[in-house]
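In: no sequence for this one, just the structure:
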């Protein structure tokens, strides 16, 4: 069984995945964005700038397919991985998908000083974030489970995930 975390940039996917890994030591942690960077030997910002978002999404799908041919993984995905129907299908078929749902105000506070997110590198971050949230929400909500992360620590979120997983066994 694999566990995939999806959600907006700043929703805490990587942070929660790392805490979840400690609770499930037989699992390995994978960050799809890190694997894309490693595969391309280039930052995400540079991939977007030099090759475009479409190219990035193609690499992201290739990485996802490779990763999900394995088992016992906790996967932190890129925020836009759900833009592809193929990716949603792969994720749902090969893993338990958990959407870390986070409100716009909290997302804004978390990402406002981060210049490493190419889609959020804009002068009007609040509007851009709101637009992405609106565009992606329905896709995120196709996850097997949705966890509201607002005002919760990573430990509390992980305990909720463990309870959900316990119900699966």
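Out: Arrived safely. Please read all numbers here as calculations on a predicted model, not as lab measurements. Numbers count the residues shown, from 1 in each chain.

In: from here on, contacts and neighbour counts on C-alpha atoms
Out: Fine.

In: residue contacts, residue 135?
Out: Listed by CA atoms under 8 Å, 6 or more residues apart in numbering, residue 135 has no contact partners.

In: 10 Å instead, please
Out: Residues counted as contacts of residue 135 (CA atoms under 10 Å, 6 or more residues apart in numbering) are 83, 129.

In: likewise residue 73?
Out: Contacts of residue 73 (CA under 10 Å, 6+ apart): 1-4, 17, 21, 24, 26-30, 67, 95.

In: what bridges to it?
Out: Assessed by DSSP bridges, residue 73 has beta-bridge partners residue 28.

In: which secondary structure elements does the longest helix along the chain contact?
Out: Looking across the chain with DSSP state H, the single longest helix is helix 44-67. Helix 44-67 sits against strand 28-31, helix 32-40, strand 73-76, helix 85-94, with contacts defined as 3 or more CA pairs under 10 Å, 6 or more residues apart in numbering; DSSP states H and E.

In: Next, the buried residues of the helix or strand of the chain with the lowest mean pLDDT.
Out: Across the helices and strands of the chain, mean confidence by mean pLDDT, DSSP states H and E is lowest for helix 104-111: a mean of 85. By 16 or more other CA atoms under 10 Å, the buried positions in helix 104-111 come out as 104, 107-108, 111.

In: same check, this time on stretch 11-28
Out: 11-14, 16-18, 20-21, 27-28.

In: distance between that stretch and the chain's centre?
Out: 12 Å (CA atoms, centre = their mean, to the nearest Å).

In: ditto for stretch 129-140
Out: 13 Å.

In: The helix or strand that contains residue 165 packs against which elements?
Out: For residue 165, the host element (DSSP states H and E) is helix 154-168. Contact here means 3+ CA pairs under 10 Å, 6+ apart; on that basis helix 154-168 packs against helix 13-23, strand 96-101, strand 145-148.

In: Show residues contacting the first one.
Out: When you say that, I think you mean helix 13-23. Under CA under 10 Å, 6+ apart, the answer for helix 13-23 is 3-7, 12, 24, 27-32, 73-79, 98-100, 153-159, 161-162.
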